[in-house]
Structures are given as structure tokens and as C-alpha cells.
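>>> The following comprises the amino acid sequence and a computationally predicted model.
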Amino acid sequence: MEAWQWIPVILAGASALYVTGLIVWGVFDVLREDRLDQLARALWVLLLFVLPVFGILAWLYAKPRIVGAPTTIRLKKTL
């Protein structure tokens, strides 16, 4: 194999490692969430494994709504 042919192999390996890391982080984050019942946790984990990239994006979008955290940042006034 030529040296330039290793570039796509390295990029594919890095992408696979990144997606795998995202899946592992997403599964632990879903399982750590206290406000989800067992069925919801199982469905989120299933979504993360079936559609990994879409599942991570969906979890990042839905998590603030599940937790009830404000979506905006407010600055505190100090005198």
C-alpha cells in the first residue's frame, strides 16, 4: 500500500472511534438520568445502538427538556 492510501484508513478509523465514544457516553448519560423510567431508558439505549449519530443528536436535543433545565443562559446582576 502506498503512503497516501493510508489517509482514508486513518480517517475511517478515527471516525469509528469517535462514534463509538459518543455511543458509550450517550448510554452512560441515559442510564444516569434519574427522571427517566426503565422503558424510556431502554428505548433511548436502543435508539443509540440502532441509529448512533441520529440517536446522539436526538438525546442532546431532548435532554434539557427531560431535565427541565432552562435553554437560555441568564447573567446575574451583582451590585
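Looks like it arrived, so ask away.

>>> Figure out the helix or strand that the most centrally placed residue in the chain lives in.
Note on the chain: the residue nearest the mean C-alpha position is residue 56, at 3.4 Å, using C-alpha atoms, centre = their mean. Here residue 56 sits within helix 52-67, counting by DSSP states H and E.

>>> export that helix as PDB, just CAs?
Extracted in PDB, the C-alpha atoms of helix 52-67 (Å, rounded to 0.1, in the frame of the first residue of the first chain):
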ATOM      1  CA  PRO A  52     -25.900   6.100  16.600                       C
ATOM      2  CA  VAL A  53     -25.400   9.500  15.200                       C
ATOM      3  CA  PHE A  54     -29.100  10.400  15.000                       C
ATOM      4  CA  GLY A  55     -29.600   8.900  18.500                       C
ATOM      5  CA  ILE A  56     -26.900  11.100  20.000                       C
ATOM      6  CA  LEU A  57     -28.300  14.200  18.300                       C
ATOM      7  CA  ALA A  58     -31.800  13.400  19.500                       C
ATOM      8  CA  TRP A  59     -30.600  12.800  23.000                       C
ATOM      9  CA  LEU A  60     -28.700  16.100  23.100                       C
ATOM     10  CA  TYR A  61     -31.800  17.800  21.900                       C
ATOM     11  CA  ALA A  62     -34.200  16.100  24.300                       C
ATOM     12  CA  LYS A  63     -32.100  16.000  27.400                       C
ATOM     13  CA  PRO A  64     -32.600  19.700  28.500                       C
ATOM     14  CA  ARG A  65     -36.400  19.200  28.100                       C
ATOM     15  CA  ILE A  66     -36.300  16.000  30.100                       C
ATOM     16  CA  VAL A  67     -34.300  17.500  32.900                       C
END
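
>>> For it, which residues meet the burial criterion?
55-56, 59 (16 or more other C-beta atoms under 10 Å). (C-beta placed from N, C-alpha, C; glycine too.)

>>> Which member of these is positioned nearest residue 4?
residue 56 (31.7 Å; C-beta to C-beta).
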